[in-house]
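Got a predicted structure here, sequence first:
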Amino acid sequence: MKIELSKLKEISDLKSVWPHEAQDFTPWLFQEENIEQLADAIDLDITVEETESKVGKFSADIFAKETGTDRRIIIENQLKDTNHDHLGKIITYAAGKNASYIVWIVKHAQEEHKAAIEWLNENTNDDIGFFLCEIKLYQIDNSRIAPMFVTVSTPNGWKKGQKRLENEELSESKRSHEIFWSAFNEYAWKNQEFAKTFHKRKAQPNHWYSLSIGTSKAHINLVRFSRANSVTVDFLIPNDKQIFDRLYAHKNEIEEETGIKFDWCRMDDKKGSSVRVKDNFTFQKGTDLSEGFDWLMNVSMKIKTIFLKYM
């Protein structure tokens, strides 16, 4: 049987898809499914906070945070070749926002500016890193046009941090966390419904695992307590008591629809608040984890679907 193949062609005119950078490209990138493409390309979990984020009298295109941490991310878009003006902008915004990661997205990275980003990465400490990415458009015959992020330069500190993590002796508890979440990743993303609902995260040696719900106003944390043989699913609201209050006003409906009795924690002495549920979990070596993983997955999907309805 002869199989007919087509050629992949690049669409060089980015403006044919995004006529205006601020009005078209930035709002497009801000959407969850698109920011996840960028996150996959640079291997960084991103939760967007706002567009046109004020930095003095200037504005950064997108302000975000690393999911599950307080590390700040600046994303600067340029649907043209790199230039000195935008190189200055990313440094200004990084300083103004005290950013840990700076992502510069461009049509084409000129060698001089690629060298400048590499120099910045080589001469800054591991607490800050610069990414340089090109945005490409491709099409096969008359198919829909598909975007692709191509990583041109990544932080030296990011690489060094990864090597250090691989080479250093992790504590027994951290190694246990990493093994647990790696097993969860392998199991959970075989479930089509769960895979459609959440974006896969890289397993880390932490006792928690964060899931994005499509808004920067809240996220889900799966938390492992190995000594207590328990796990929790936490719906975390970092700094908006009004969201908690709106949800709590529908407490009865939410608990009826989910079939779950939650622990509602407004925490008036703190900025954040949470809604959580706990379950027993046996972590002994050789134990079948599938039942516990199913519980984490089912609760997370219910929370995302139903909580968003009342936010």
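Received it, and whenever you're ready, just let me know what you need.

show me where pLDDT drops low in the protein?
68, 157-170, 283-286 (pLDDT under 70).

residue ranges of the strands in it, please?
8-10, 46-55, 58-66, 72-81, 101-108, 129-140, 146-153, 208-212, 219-225, 230-237, 263-265, 273-280 (DSSP state E).

wait, which of those strands is closest to Asn34?
strand 146-153 (7.6 Å; C-beta to C-beta). Using the backbone N, CA and C atoms, a C-beta is placed for each residue, glycine as well.

What helices and strands are in contact with that closest one?
In terms of contacts (3 or more C-beta pairs under 8 Å, 6 or more residues apart in numbering; DSSP states H and E), strand 146-153 is packed against helix 32-42, helix 111-122, strand 129-140.

coming back round to it: make a markdown table out of the strands of the chain and add mean neighbour count and distance to Glu257.
A markdown table is the format used below for these (neighbours: other C-beta atoms under 10 Å; distance: least, C-beta to C-beta, whole Å):
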| stretch | mean neighbour count | distance to Glu257 |
| --- | --- | --- |
| strand 8-10 | 11 | 45 |
| strand 46-55 | 18 | 25 |
| strand 58-66 | 21 | 30 |
| strand 72-81 | 21 | 34 |
| strand 101-108 | 22 | 38 |
| strand 129-140 | 20 | 40 |
| strand 146-153 | 16 | 36 |
| strand 208-212 | 21 | 19 |
| strand 219-225 | 20 | 17 |
| strand 230-237 | 22 | 14 |
| strand 263-265 | 15 | 15 |
| strand 273-280 | 18 | 14 |
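
Just tell me which of those strands ends up closest to Leu296.
Judging the strands of the chain by C-beta to C-beta, what sits closest to Leu296 is strand 219-225, at 5.4 Å.

Now do the closest one: distance to the chain's middle.
Computed by C-alpha atoms, centre = their mean, to the nearest Å, the chain-centroid distance of strand 219-225 equals 15 Å.

for stretch 67-81, same thing?
11 Å.

hmm, back to that, would you format the strands of the chain as TSV with distance to Ala188 included?
Listed next are the strands of the chain as TSV, based on distance: least, C-beta to C-beta, whole Å:
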stretch	distance to Ala188
strand 8-10	32
strand 46-55	19
strand 58-66	21
strand 72-81	25
strand 101-108	26
strand 129-140	27
strand 146-153	25
strand 208-212	10
strand 219-225	10
strand 230-237	13
strand 263-265	24
strand 273-280	16
